[in-house]
Structure formats: C-alpha cells, structure tokens
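K.L.:
sequence first, then the predicted structure, then my questions.
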Amino acid sequence: SPACRLLTRAGGSPRVQSASITYVLTCQLFVPDGVLLAIQPGTTIYATPVDAAGQAPAIIIEKGGMILADGTADAPITFTALDSEATSDETVDSDTDSDTGAAALGSRGKWGGLILLGSAPTSVATDTEVEGISGYSYGGTDPADSSGVLRYVRVWHGGAVVGADNEINGITFAGVGSNTVVEHCEVAFNADDG
C-alpha cells in the first residue's frame, strides 16, 4: 500500500542503501511489476509484530517485481524481528506459532517473511492466491521468469499466523522461474514452514 514503507531509526530516507542504517519494516511491503528492491550486503531489516488486524509485516515481490538481496559470506543480509529474543510466559511459548492479532513475544512467528510471486508454470491455476496474503496470485507461462536474487540471506523469527491454517512461510517461492537466483539462504526460528 502507499502507506507502507521502510522506516529508518537514523531518520534517513526509506531506501535500503546502507548497511549502517537500522531499517524497520512496519507493514506488508509490496514490490510491484517493473520495480526492483535492492538491499546492500550486511543490511539487517527488523520487522514489527503482527498488528491488531492480524496483518503481519512481510516483503512481497509481485509478478514482474524483483528483489536484489545479494549478500556475501562476510556480510549476509538478515530479515528478523524487533526484540526477536524477548519472551514472555504471558503470551506465546517460544516453540509455538504466534497468536493472530497479538504481539507475540516468543522467539518464533513474530513477523511474516519473504514472498516471491513469479510467473512460471505451476501445478495450480494461475489465479491461485498465495498463502498468508489475499488478492495476490502466482504462476504463468514463463518457466525462465526471474524474481531476482537471494544470496547469503537469513530470514529469522518469521512465519506469523494470520488466520486459521493461514501462515506466512519464512520464504515463499510461488511460481518462481529458473532465472531466480537462490544461494546460501537460511530460514531459522520460524513458526511455520521454512
């Protein structure tokens, strides 16, 4: 949505251009057709918890959009939750999913994850909606489609529950084509599927 943006604690612009700035994802950030989201090596993006309406912050690369998250072994790119290690006996256990509409204080399911919606053929109809968000489909007729690059990327503390049997995976690859590069990626401390 137009209101969704990456905020910086340092008061800088919402671009992901410097690993020295702290970035906070506060909503579902959609990268539309024709747009490239480039993230510098060594960057960490922190996400806030699921909001009262049950929306989990996530980054969604739409069909035709691209992500360039090209980290290195010495400077990986990390997506994680604010206060990721904070726990509380009053909310969820660290080994269970988050509660819908609650700010989970366990170590898992504290935010959404990455969702890549490609235009490659799949075994389902091309109007099938992806799990975790509504109104966005995946798949198509281009087996060589590219959703970008995920290299040396870590996705931690994600997998938030957004409804009954409706969770966001750590990284969702939906109809992603063969020109998408995925190397040295890690999903950890996730409540739902990796």
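P.N.:
Arrived safely.

K.L.:
how near is Tyr138 to Ala58?
P.N.:
Tyr138 is 15 Å from Ala58, where distance means C-beta to C-beta, to the nearest Å. Any C-beta I mention is one placed from the backbone N, CA and C, and that applies to glycine too.

K.L.:
oops, could you answer that again for Pro41 instead?
P.N.:
As judged by C-beta to C-beta, Pro41 and Ala58 stand 22 Å apart.

K.L.:
the two: which is more packed in?
P.N.:
Each of Pro41 and Ala58 had its neighbours counted (other C-beta atoms under 10 Å), and the higher figure belongs to Ala58 (25 against 16).

K.L.:
what residues are up against Ile39?
P.N.:
Counting by C-beta atoms under 8 Å, 6 or more residues apart in numbering, Ile39 touches Val16, Ile45, Ile67, Leu68, Ala69, Asp70, Ile77.

K.L.:
which of those lies closest to Pro143?
P.N.:
Using C-beta to C-beta, Ile67 comes nearest to Pro143 of those, at 19.5 Å.

K.L.:
now that closest one: closest residue in space that isn't a chain neighbour?
P.N.:
Distance criterion C-beta to C-beta, 6 or more residues apart in numbering; nearest residue to Ile67, sequence neighbours excluded, is Gly148 at 4.0 Å.

K.L.:
Ile59: what's it in contact with?
P.N.:
Contact criterion C-beta under 8 Å, 6+ apart gives Leu25, Gln28, Leu29, Val31, Leu37, Ile67, Phe79, Gly112, Gly113, Leu114, Ile115 as the residues in contact with Ile59.

K.L.:
what strand or helix carries it?
P.N.:
Ile59 is part of strand 58-61 when elements are defined by DSSP states H and E.

K.L.:
same thing with Ile115?
P.N.:
Taking DSSP H and E as the criterion, Ile115 maps to strand 114-117.

K.L.:
C-alpha coordinates for that strand, PDB please?
P.N.:
Only the C-alpha atoms of strand 114-117 are listed here, as PDB (Å, rounded to 0.1, in the frame of the first residue of the first chain):
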ATOM      1  CA  LEU A 114       9.500 -13.000   2.200                       C
ATOM      2  CA  ILE A 115       7.000 -13.900  -0.500                       C
ATOM      3  CA  LEU A 116       8.100 -14.200  -4.100                       C
ATOM      4  CA  LEU A 117       5.300 -14.400  -6.700                       C
END
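
K.L.:
other SSEs contacting it?
P.N.:
Using 3 or more C-beta pairs under 8 Å, 6 or more residues apart in numbering; DSSP states H and E as the contact definition, the elements that strand 114-117 packs against are strand 58-61, strand 148-156, strand 171-174.

K.L.:
for the ones you listed, which one sits closest to Cys185?
P.N.:
With distances scored as C-beta to C-beta, the stretch of these nearest to Cys185 is strand 148-156 (4.8 Å).

K.L.:
measure how far that closest one is from the centre of its chain, please.
P.N.:
Averaged C-alpha coordinates place strand 148-156 at 10 Å from its chain's average position (C-alpha atoms, centre = their mean, to the nearest Å).
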